[in-house]
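S.K.: Provided below are the primary sequence and the corresponding predicted coordinates.
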Amino acid sequence: MTRNSEFASWKGSNWNEVFLGSPEAPENHCEEDGGPNAYTTVDKTPLIAEKPYISENKGNFTLNVPRLEKDKVGITKAFDNAD
């Protein structure tokens, strides 16, 4: 399972690989259609809630809670979408 990741290419091998919201993921195919392994690819993550994280600045700690996102593609960069 690969969710909201970014990579240049994929050369994985397993029984069934799932890609969700990951640009450049391989196209959907069943084992019989396109090779030895099945891929399930969903272009966008319908709803995602990234984990909260703590940041520190000069001894002050802050709890950052990222916003709920819809139809997400790609990674979330730290500090870009925290409330």
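M.R.: Everything's here; your move. Numbers count the residues shown, from 1 in each chain.
S.K.: any idea how far the nearest residue to Asp71 once chain neighbours are set aside lies from Asn37?
M.R.: For Asp71, ignoring the flanking residues on the chain, the nearest one in space by CB to CB, 6 or more residues apart in numbering is Lys44 at 4.3 Å. Every residue, glycine included, has its C-beta placed from N, CA and C. For Lys44, the distance to Asn37 equals 23 Å [CB to CB, to the nearest Å].
S.K.: Next up, identify which helix or strand Ser55 is on.
M.R.: strand 53-57 (DSSP states H and E).
S.K.: Now do the contacts for the residue nearest to Asp71.
M.R.: Gly21, Asp71, Lys72, Val73 (CB atoms under 8 Å, 6 or more residues apart in numbering).
S.K.: Model confidence at the third one, what's the number?
M.R.: At Lys72, the pLDDT value in this model is 94.
S.K.: What about the nearest residue to it once chain neighbours are set aside, how many residues nearby?
M.R.: Once flanking residues are discounted, Lys72 sits nearest to Thr45: 4.4 Å by CB to CB, 6+ apart. Neighbourhood size, Thr45 [other CB atoms under 10 Å]: 17.
S.K.: quick one: Thr45 and Phe19, what's the gap?
M.R.: 10 Å.
S.K.: likewise Gly59?
M.R.: In terms of CB to CB, Gly59 sits 41 Å off from Phe19.
S.K.: Name the residue in these two with the higher neighbour count.
M.R.: Phe19 (24 against 5).
S.K.: isn't there a strand covering that one?
M.R.: Yes. Looking at Phe19 with DSSP: H, G, I helix; E, B strand; the rest coil, it is inside a strand.
S.K.: What is the neighbour count of the closest residue to it other than its chain neighbours?
M.R.: The spatial neighbour of Phe19 that comes closest, neighbours along the chain excluded (CB to CB, 6+ apart), is Ala25 at 3.5 Å. Ala25: 21 surrounding residues under other CB under 10 Å.
S.K.: and what of the one 3 residues further on?
M.R.: Here the neighbour count serves as a burial measure; for Asn28 (other CB under 10 Å) it reads 13.
S.K.: got the contact list for it?
M.R.: Counting by CB under 8 Å, 6+ apart, Asn28 has contacts Tyr39, Thr40, Thr41.
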